[in-house]
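Q: Structure of the sequence below:
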Amino acid sequence: MIMNTKIIEFFGLPRTGKTSSIRAIKKYISNQGFSVDSVVERASICPIKDKLSPVFNYWTTFALMKEYFESADKNIQFLLADRGFLDALVWIHYNSIKHNNEIMDNYFFEILNTKFFENVVFKSYFFSAEIETVLDREFESHIIKKEGTILNNKILTGYLKSFSELYPSLKQKFDIKIIDTTNHTLRQTLEFIASDLEIGY
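A: Numbers count the residues shown, from 1 in each chain. Take a look at the predicted model:
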C-alpha cells in the first residue's frame, strides 16, 4: 500500500504541550494551503481500563493504524497524531521490561519497525520536561495533590528511560526532534516546529 499522507507524530510526556502544539500546527499547515487533519489520542477512548496493561497499548496501536489508513484513503496531505507509533514502541518496550513479555513485544516491534512506517512517518517530535515540572503542571488546577496511574514519578521516569534506550536505534530510521518544554514557551516550541517542517516558513 502506498500512502501519500505525511504523518507527523507528537509524543512524549504528558503536560508538555503536545495537544496545544497540534492545534496550532494544524492551523498553520492549513493556512499554507495543504489539507490537514489530526488524530485524537487513542488512549483517551480505549475501552480497556488498565492503562499499564500491555493489551492497552496493543489496542491503541491498532486503533491508530486504522486512522492512518483512513487518512490515506481521504487523500489528506498531512496527518498530525497525538501520540503515535513511536510512542507505542516506547510503551511496549516499557511493558516488556515490567512484565517480562518479550515474545509478544518482539512481534509488535517487527510490525512497527518496518520500512512501511519509516516511509509513512514524516516527522516526529518528542516532548519532554523535568518530571517535577510535569507534575506541577498537572496539579496546578487541583486542590489536592493526588498522583494518577500514569502521572506519577515512577511511571514517568520509566517512560523516559525506555525512550532513552530506544532512541539510538529509532533516530537511525525516523526524523525525531526532542523538545524540552521545561523552560520553553508554547510560542518558542511552535516556531521551532514550523521551521523544522519547512512548509512556507
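Q: Just give the nearest non-adjacent residue to residue 18, would you?
A: residue 10 (4.4 Å; Cβ to Cβ, 6 or more residues apart in numbering). To be clear about C-beta, it is placed using only N, CA and C from the backbone, and glycine gets the same treatment.
Q: and the gap between that neighbour and residue 73?
A: Distance of residue 10 to residue 73, computed by Cβ to Cβ, to the nearest Å: 23 Å.
Q: before we move on, what about residue 132?
A: Distance from residue 132 to residue 73, by Cβ to Cβ: 44 Å.
Q: go on, residue 162?
A: Taken as Cβ to Cβ, the span from residue 162 to residue 73 is 33 Å.
Q: Settle it for me: which of these two has more neighbours?
A: Ranked by neighbour count (other Cβ atoms under 10 Å), residue 162 and residue 73 place residue 162 first, with 20 against 10.
Q: who touches the more buried one in this structure?
A: Residue 162 is in contact with 90, 91, 93, 94, 97, counting by Cβ atoms under 8 Å, 6 or more residues apart in numbering.
Q: what's the answer for residue 90, then?
A: Contacts of residue 90 by Cβ under 8 Å, 6+ apart are 11, 159, 162, 163, 166.
Q: Which of these fall within helices?
A: If you go by DSSP state H, these have 159, 162, 163, 166 in helices.
Q: roughly how far apart are the nearest residue to the last one once chain neighbours are set aside and residue 22?
A: For residue 166, the nearest residue in space outside its immediate sequence neighbours is residue 93; the separation is 5.6 Å by Cβ to Cβ, 6+ apart. Taking Cβ to Cβ as the criterion, residue 93 is separated from residue 22 by 24 Å.
Q: residue boundaries of the strands in this protein?
A: 6-12, 36-39, 78-82, 121-128, 176-180 (DSSP state E).
Q: Contacts made by the shortest one with the rest, please.
A: Residues external to strand 36-39 that are found in contact with it (Cβ under 8 Å, 6+ apart): 22-23, 26, 29-30, 64, 67-68, 71, 74, 76-82, 84.
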